[in-house]
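Novice: I would like the atomic coordinates for the input below:
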Amino acid sequence: MSETAPPVVAPTQAEQPSPRRPNAPQRGISSLIFASRWLQAPLYLGLIVAQLIYVYVFMVELWHIAEDVIAHPTHIEEADIMLAVLGLIDVVMIANLLIMVIIGGYETFVSRVNVEGHPDQPEWLSHVNANVLKVKLAMAIIGISSIHLLKTFIAVADIGAANGGVLGSEKYTSEGVFWQVVIHCVFILSAVALAWIDKLSKTK
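Specialist: Numbers count the residues shown, from 1 in each chain. So this is what the prediction gives:
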């Protein structure tokens, strides 16, 4: 007859080795490193001040547009109005970029903002992380670049002239417009690459 193997007895909780607890210096260093994330808080507060400046710039530009329309209602050109409105849209999109950096960056790298269930909570904030934030920032930068490129295309209607296209004090040349288009395409390719990397990280 074959002998039966003795049953394996699992070690009790008292017999199991306890995890090594960090000593006081290790705990202090860990706490200091973890608390260092709050050094970013003044940076986000500074971006809020920058957003206030953009609000002021927006209102000043809007006031100038209204003054021009009221003072010269029959002499204002559609291209001038379009360029002025594009300038306002540019300010708004930069403000949107600031909001994403302030809220998303604070939520990702500093602390939670605790707005779960709030009726005004942004939709993207419920699933924000470093990858999502990078993709959204890239899309915002593409939008801002598109506005600048559209303003350039409006201004370069006479780029073939001797002095090139002129918008205010800015002068545009064929080479300058070419590089604007190249940089815009690089922004688009970068955003596509970031979105692809984010998709790969989710499938793993």
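Novice: how about the strands of the protein, start to end?
Specialist: Here the chain has its strands, by DSSP state E, at 165-167, 170-172.
Novice: hey, least reliable of those strands by pLDDT?
Specialist: When those are compared on mean pLDDT, strand 165-167 scores lowest, with a mean of 53.
Novice: and the gap between residue 143 and residue 185?
Specialist: 15 Å (C-beta to C-beta, to the nearest Å). All C-beta spots, glycine's among them, are computed from the backbone N, C-alpha and C.
Novice: Equivalent analysis for residue 132, please.
Specialist: Residue 132 sits 23 Å away from residue 185, going by C-beta to C-beta.
Novice: quick one, which of these two is more surrounded?
Specialist: residue 132 (17 against 11; other C-beta atoms under 10 Å).
Novice: Pretty sure the more buried one sits against residue 195.
Specialist: No. Residue 132 lies out of contact with residue 195 (C-beta atoms under 8 Å); the separation is 9.9 Å.
Novice: Please parse the chain into its domains.
Specialist: For the chain, the structural domains run 38-113+121-126, 129-204, going by automatic domain parsing.
Novice: Format those as CSV; extra columns: distance to residue 25.
Specialist: CSV is the format used below for the domains of the chain (distance: least, C-beta to C-beta, whole Å):
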stretch, distance to residue 25
domain 38-113+121-126, 21
domain 129-204, 30
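Novice: Distance of the residue most central in space within the chain relative to residue 43?
Specialist: Centroid-nearest residue in the chain, with C-alpha atoms, centre = their mean: residue 137, separated by 2.9 Å. For residue 137, the distance to residue 43 (C-beta to C-beta) stands at 15 Å.
Novice: ok, now residue 114?
Specialist: 20 Å.
Novice: Who has more neighbours out of these two?
Specialist: Using other C-beta under 10 Å, the more surrounded residue of residue 114 and residue 43 is residue 43, with 13 against 8.
Novice: Model confidence for the more buried one, exactly?
Specialist: Confidence score, pLDDT, at residue 43: 95.
Novice: Distance of it relative to residue 24?
Specialist: 31 Å.
Novice: Please apply the same query to residue 156.
Specialist: Distance from residue 156 to residue 24, by C-beta to C-beta: 67 Å.
Novice: out of these two, which sits in the busier spot?
Specialist: Using other C-beta under 10 Å as the criterion, residue 156 and residue 24 rank with residue 156 on top: 21 against 7.
Novice: looking at it, that one is touching residue 178, isn't it?
Specialist: No. With contact defined as C-beta under 8 Å, residue 156 does not count as touching residue 178 (11.0 Å).
Novice: Pull up the overlap in contacts between the two.
Specialist: Common contacts of residue 156 and residue 178 (C-beta atoms under 8 Å, 6 or more residues apart in numbering): none found.
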